[in-house]
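K.L.:
give the three-dimensional model of this entry:
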Amino acid sequence: MPISKQTIDFLAQNKFNNSREWFHAHKPEYQRYVLAPMAELVTLLAPTMRKIDPLMITEPKVGKAISRIYRDTRFSHDKSLYREVMWIVFSRGKKEFSCPPGFVLEFSPQGFRYGCGYYGAPPRTMEMIRKLALSGDKDFYEAFTALEKQKTFVLEGDFYKRSKCPDAPQPLRNWLDRKNLDWMRSSTDADLLFSPDLFKTLAQGFLLLSPFYTFLCKVEERLLIEA
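P.N.:
Numbering: from 1, shown residues only. Below is the predicted model of the structure:
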């Protein structure tokens with residue numbers, strides 16, 4: 001079954017109640033309306049993701065390709081017990097890369113977004129991105145060319161206050177002056193989110209982003225060599 005209005009309603013009600021008792025009383029709804037659609041989506045996307053990278057984790061399980069609904073509140077001022085944002089993610093494990101790039105779909109009562117990049121790239125990762133880009137790396141320019149031509153995804157990531165590459169052309173600085181890199185599409189199109197063909201839209205988008213992912217994997221491989 002696809003993601004549905006019942007999925008979104010459950011996430012909103014669970015967040016509002018913020019109660020272990022309420023969650024356990026409604027756990028069958030969580031399994032039916034949240035977990036089952038997410039597992040189905042992961043399964044449908046798995047062949048495409050393995051085509052992009054055979055080493056990606058594509059298991060349709062919580063803690064693998066499916067996010068947990070429980071929040072870790074130990075170091076947070078927000079003591080809410082549960083998330084209202086859920087996601088599926090396809091990436092290599094941390095045994096492969098310390099900061100693996102990946103593909104993601106996030107959804108909540110506020111809408112959804114999907115794309116590719118880093119959850120949070122450390123400074124050394126961004127430095128390697130700049131190093132390869134400015135050296136004329138082939139994979140960087142394949143990604144740069146492919147994504148500058150498309151209209152589906154938007155480049156995200158906060159900018160440094162001062163340019164890291166002041167002499168580079170402006171289109172290149174748009175990439176290299178950021179603290180993080182993600183190409184994302186955000187939407188509130190419920191018809192698409194609830195469609196049984198959502199996986200086709202995601203697969204098409206993820207394939208479009210695959211040159212970017214290939215370059216980010218090269219970045220991580222270079223970091224391992226230099227470690």
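K.L.:
next up, phi/psi of the nearest residue to Ser108 once chain neighbours are set aside, please.
P.N.:
In space, and not counting its chain neighbours, Ser108 is closest to Val85: 4.2 Å by CB to CB, 6 or more residues apart in numbering. C-beta: built from backbone N, CA, C; applies to glycine. Note on Val85: its backbone torsions stand at phi -100, psi 120 [degrees, to the nearest 10].
K.L.:
so Glu148 touches Pro171, yeah?
P.N.:
Yes - using CB atoms under 8 Å, Glu148 is in contact with Pro171, at 6.6 Å.
K.L.:
for these two, indicate the residue with more neighbours.
P.N.:
Glu148 (12 against 9; other CB atoms under 10 Å).
K.L.:
what's the helix or strand for the more buried one?
P.N.:
helix 138-149 (DSSP states H and E).
K.L.:
can you spell out which helices and strands pack onto the helix or strand just after that helix?
P.N.:
Counting by DSSP H and E, the element after helix 138-149 in chain order, helix or strand, is strand 154-156. Secondary-structure packing of strand 154-156 (3 or more CB pairs under 8 Å, 6 or more residues apart in numbering; DSSP states H and E): strand 182-187.
K.L.:
from the chain's centre, how far out does the strand it packs on sit?
P.N.:
Remark: strand 182-187 is offset 9 Å from the chain centroid, using CA atoms, centre = their mean, to the nearest Å.
K.L.:
chain center to the next helix or strand after it, what's the gap?
P.N.:
With elements assigned by DSSP H and E, the helix or strand that comes after strand 182-187 is helix 190-193. Centroid separation between helix 190-193 and its chain, computed with CA atoms, centre = their mean, is 18 Å.
K.L.:
next one: stretch 31-46
P.N.:
16 Å.
K.L.:
same thing with stretch 69-89?
P.N.:
From the chain centre to the centre of stretch 69-89 is a distance of 16 Å (CA atoms, centre = their mean).
K.L.:
strands along the protein, start to end?
P.N.:
Ranges of strands in the chain, per DSSP state E, are 86-91, 102-108, 111-117, 154-156, 182-187.
K.L.:
quick one: closest of those strands to Arg68.
P.N.:
Judged by CB to CB, the one of the strands of the chain that comes nearest to Arg68 is strand 86-91, at 8.9 Å.
K.L.:
report the angle between the axes of that closest one and strand 111-117?
P.N.:
Per axes from the mean of the first three to the mean of the last three CA atoms, to 10 degrees, the angle that strand 86-91 makes with strand 111-117 is 10 degrees.
K.L.:
tell me which other helices or strands strand 86-91 touches.
P.N.:
helix 36-52, strand 102-108.
K.L.:
please repeat the previous calculation with a cut-off of 10 Å.
P.N.:
With contacts defined as 3 or more CB pairs under 10 Å, 6 or more residues apart in numbering; DSSP states H and E, strand 86-91 has these neighbours: helix 5-17, helix 36-52, strand 102-108, strand 111-117, helix 198-226.
K.L.:
how about exporting that strand as PDB, limited to the C-alpha atoms?
P.N.:
Extracted C-alpha coordinates of strand 86-91, given in PDB (Å, rounded to 0.1, in the frame of the first residue of the first chain):
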ATOM      1  CA  MET A  86      10.000  10.100   8.600                       C
ATOM      2  CA  TRP A  87      12.500   9.200   5.900                       C
ATOM      3  CA  ILE A  88      13.900   6.500   3.800                       C
ATOM      4  CA  VAL A  89      17.600   6.700   2.900                       C
ATOM      5  CA  PHE A  90      19.900   4.900   0.600                       C
ATOM      6  CA  SER A  91      23.600   5.100   1.300                       C
END
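K.L.:
right, I'll call it a day here.
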